[in-house]
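Colleague: would you be able to build a 3D model of this:
(2 chains)
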Protein chains: 2
Amino acid sequence: MDIAILGYGVVGSGVAEVIRKNSQSIATRAGEPIRVKKILDIRDFPGSPDSGLFTKDPDEIFGDPDIKVVAETIGGTRAAQEFTRMAFAAGKHVVTSNKELVAAHGPELLKMASESGVSYLFEASVGGGIPIIRPLSQCLAANIINGITGILNGTTNYILTRMRRDGMDFDEALKGAQLNGYAEADPTADVEGHDACRKIAILSSIAYNEFVDSERIHTEGISRISLADMQYAEYMDSVIKLIGVSRKEDGRIFARVTPAIISKDHPLANVEDVFNAIVVSGDAIGDAMFYGRGAGKLPTASAVVADIIDIAKHNECNSSVWERKHGDNMVPFGDSESAFFIRASVRHKAEAEKYISGVFENVEYIRPENMNNDTELAFRTPKMTEAEFADCIGRLKGIASVKEIVNVVRILE
Amino acid sequence: MDIAILGYGVVGSGVAEVIRKNSQSIATRAGEPIRVKKILDIRDFPGSPDSGLFTKDPDEIFGDPDIKVVAETIGGTRAAQEFTRMAFAAGKHVVTSNKELVAAHGPELLKMASESGVSYLFEASVGGGIPIIRPLSQCLAANIINGITGILNGTTNYILTRMRRDGMDFDEALKGAQLNGYAEADPTADVEGHDACRKIAILSSIAYNEFVDSERIHTEGISRISLADMQYAEYMDSVIKLIGVSRKEDGRIFARVTPAIISKDHPLANVEDVFNAIVVSGDAIGDAMFYGRGAGKLPTASAVVADIIDIAKHNECNSSVWERKHGDNMVPFGDSESAFFIRASVRHKAEAEKYISGVFENVEYIRPENMNNDTELAFRTPKMTEAEFADCIGRLKGIASVKEIVNVVRILE
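Modeller: Residues are numbered from 1 along each chain as shown, chains lettered A, B, ... in the order given. The predicted model follows:
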């Protein structure tokens, strides 16, 4: 079976490498040899092991009836979308690692693929090489999926791990991540949670069988997390992770991405460095967790190639088209519930405590012996809605003995 | 699509329950409704929700052209094998949770299925509800699999967890497991490692694309593990788990099941109670871990139903037939390497130490302050082959100052 690769960046060149390196075992698994016939890229790659395959002309790919599958590893939503549509129109299957495109235009692209009688597969879009899309849509198909909770971004998990283990502050840990190639020069998409948001949107769309729009998911990044927050978490026998979560609640979908305090007993608490892990809760299976390298050239490329093998083996097609619902399928942010961890700098400690206990019912103060608590109160609230919480915070700010809300971190139950 | 269930025990009745309960979402995923048409069992089940479906006559199933798939949930290798062959002969796909049958007769049954143009699927045979067979054979298909390491038996993991956490000895923890329904009245298959052995044999056969015979895998259970062993492990910042492991080494397969000391940093160290987890190492993906409930009615049933859905969706067929090799594909036990943890009761401590250091090069003594070490020496050896180790142990036994080898536990690297 002949394929083409669009975009010879990190993932695209990895796809060529995996196919070259493991050609024999791939042929066994696929039932026929897989050959890269063409690679589209506007750049030149002199000395590349794939040098005979490059073209700058898309027609050489879309007009070639031998090419059955196109691997879109361009990224972004512009050229990638255009080429994906051209591939479908030409009757070619598309496999991709492009979470941005799937999260933004999944419903339309899945519909077009279905109408064109081809597949649009994206195992590599979430969790890098970790098998998660196919287990979710196939292996757990007998389950009603109730919820998904995951560490979905390797960059932020690396930064949080360095902060906790090595006592670096956020800026220092981010620099380290950039030096090690784990964070880009502009780290916004990772650090502010947008990447994790796209991934939880894709997983949720599969799990609940309807489109979950990433634009409608409340998303916060980790740039406000400090070493002091981590010390408090440690005292609570917990760690802080960037968590993407979604649940089906009374027919509506609750989803969000935020830093969260999670107990060290939680299976996600031990997921360190650039590793990702996703816990899926089903009505029959209970909790299952999938863990591995969430990014990187070869892990991601191997997931792209697995999709190609699936198409070779049995014309694998998508099990469903995602319907775009208009505004009524999400739990409004204000209605979603959490317990909260709050740090407030205070003027008069005893007085502030009295007022805080009046505003929140049942707070539990966190008082690590080794932290200077003369001007700061830290406490956890009972579970409440975001709307109730915003109201309480508003009232705290009006209290003279409370100087400032230093930080707020949600607590994962 | 009509199916039949053979054997209405824990898993069989679970299959009927999952199909009844989640019929709508299963129909969506499968592309058509799945209906249980007949259930074969020699027993009567008055008042069962499936009461209209029972038959004691296999011909009512194998002679019914409407029935496309048979779920074999009988267990064991006698009737189960006979019925599986009858199903293939009648042109019916078979899905099963029967690890004993797959491990013992997988090559013959896969061959017969292939010749009959039907599938033999067994996702539920390993890891209960955890998706592992399909991820291994499909999602990781672009990888050369180098190794598998897993906690594959929930009963023994529950017992070891109770021992470590609650200070119970083995017998007490086993009784607790039986009371909770986690261990059978005759716990031999679980406790002595046979169940885990069958599972590592099945996973290895898939991973390395050739039959790995469970009879040829060195297997030890956990009945010799004591609380003292666990205390030493704790002092080594480790825990003791029953570990199934296999690797491809120079074209041959190394596999074994033994209790092992593993560092608390290892992802398997935190797998507690009846949970199972499997780490798969691939050349592209690195390490990926799959974690969840390794047994239980509904988790296992949901894996059986996932295989049924796959057959409905695209006539899923096995990717390969396992070839039975004769004797030459396994690393001989004597050649396989480990580091070892050894406890010896001694007569003269200083003298024994001198001799031990002479027998093993480079031993490291383990001396927890809180354990009475007057008559016992505990130490870890460097990595050596089993043959070298047996030789060293033989020499230790000849030393007058060494009274007895109390226990030996391998150390997982």
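
Colleague: any low-confidence regions in the stretch 201-350 of chain A?
Modeller: A:315-319, A:327 (pLDDT under 70).

Colleague: how about a cut-off of 90?
Modeller: For the stretch 201-350 of chain A, applying pLDDT under 90 flags the ranges A:250-251, A:265, A:267, A:294-296, A:313-321, A:323-328, A:348.

Colleague: ok, which residues in it are in contact with chain B?
Modeller: A:209, A:267, A:270, A:277, A:282-293, A:296, A:298-299, A:301-306, A:308-310, A:313-317, A:319-320 (C-beta under 8 Å from any C-beta of the partner chain). Using the backbone N, CA and C atoms, a C-beta is placed for each residue, glycine as well.

Colleague: would you map the strands across the stretch 51-200 of chain A?
Modeller: With DSSP state E, counting those that start in this stretch as the criterion, the stretch 51-200 of chain A has strands at A:54-55, A:67-72, A:93-96, A:120-121, A:145-151.

Colleague: in ChimeraX, how would I select just the buried ones from the residues of the stretch 201-350 of chain A next to chain B?
Modeller: Burial among these is assessed by 16 or more other C-beta atoms under 10 Å in any protein chain shown; the matching ChimeraX selection reads:
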select /A:209,267,270,277,282,283,284,285,286,287,288,289,290,291,292,293,296,298,299,301,302,303,304,305,306,308,309,310,313,316,317,319
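
Colleague: tell me which of the residues of the stretch 201-350 of chain A next to chain B fall in helices.
Modeller: A:298-299, A:301-306, A:308-310, A:313-314 (DSSP state H).

Colleague: any idea how far residue A:93 is from chain B?
Modeller: 14 Å (C-beta to the nearest C-beta, to the nearest Å).

Colleague: so what's the residue count around that residue?
Modeller: 27 (other C-beta atoms under 10 Å in any protein chain shown).

Colleague: for it, what are its contacts?
Modeller: For residue A:93, the contact set (C-beta atoms under 8 Å, 6 or more residues apart in numbering or on different chains) comprises A:68-70, A:87, A:113, A:118-121, A:311.

Colleague: so what's it scoring on pLDDT?
Modeller: At residue A:93, the model reports a pLDDT of 97.

Colleague: go on, residue A:398?
Modeller: So, for residue A:398, pLDDT stands at 87.

Colleague: thought residue A:341 was touching residue A:408, still the case?
Modeller: Yes - with contact defined as C-beta atoms under 8 Å, residue A:408 counts as touching residue A:341 (7.1 Å).

Colleague: please name the nearest non-neighbouring residue to residue A:355.
Modeller: residue A:399 (4.6 Å; C-beta to C-beta, 6 or more residues apart in numbering or on different chains).

Colleague: my bad, should have said residue A:366
Modeller: residue A:378 (4.4 Å).

Colleague: ok, that neighbour - how many residues close by?
Modeller: 23.

Colleague: ok, now which ones touch residue A:342?
Modeller: Contacts for residue A:342 (C-beta under 8 Å, 6+ apart) come out as A:378-381, A:393, A:405, A:407-408.

Colleague: pLDDT weak spots in the stretch 1-150 of chain A?
Modeller: Looking at the stretch 1-150 of chain A by pLDDT under 90, you get A:28-29, A:31, A:129, A:137-139, A:141.

Colleague: and it, which residues reach chain B?
Modeller: Looking at chain B, the residues of the stretch 1-150 of chain A close enough under C-beta under 8 Å from any C-beta are A:18-19, A:21-22, A:25-26, A:28-31, A:123, A:128-131, A:134-135, A:137-144.

Colleague: I'd like to know which of these are buried.
Modeller: Buried subset of these (neighbour count, 16+ other C-beta under 10 Å): A:18-19, A:22, A:25-26, A:28-30, A:123, A:128-131, A:134-135, A:137-144.

Colleague: in helices, which of the residues you listed fall?
Modeller: Those of those lying in helices (DSSP H): A:18-19, A:25-26, A:28-30, A:134.

Colleague: between the contacts of residue A:342, which is closest to chain B?
Modeller: Distance to chain B across the contacts of residue A:342 (C-beta to the nearest C-beta) is lowest for residue A:380, with 24.4 Å.

Colleague: quick check, residue A:97 in contact with residue A:305.
Modeller: No - Residue A:97 is beyond contact range of residue A:305, at 10.8 Å (criterion: C-beta under 8 Å).

Colleague: state the number of residues packed around residue A:341.
Modeller: Neighbourhood size, residue A:341 [other C-beta under 10 Å]: 24.

Colleague: a helix runs through residue A:374, doesn't it?
Modeller: No - under the criterion used here (DSSP: H, G, I helix; E, B strand; the rest coil), residue A:374 is coil, not part of a helix.

Colleague: where along chain A do the helices fall?
Modeller: Going by DSSP H, chain A shows helices at A:10-21, A:23-30, A:59-62, A:79-89, A:99-116, A:133-134, A:154-166, A:170-179, A:188-191, A:194-208, A:227-235, A:297-314, A:349-359, A:386-397.
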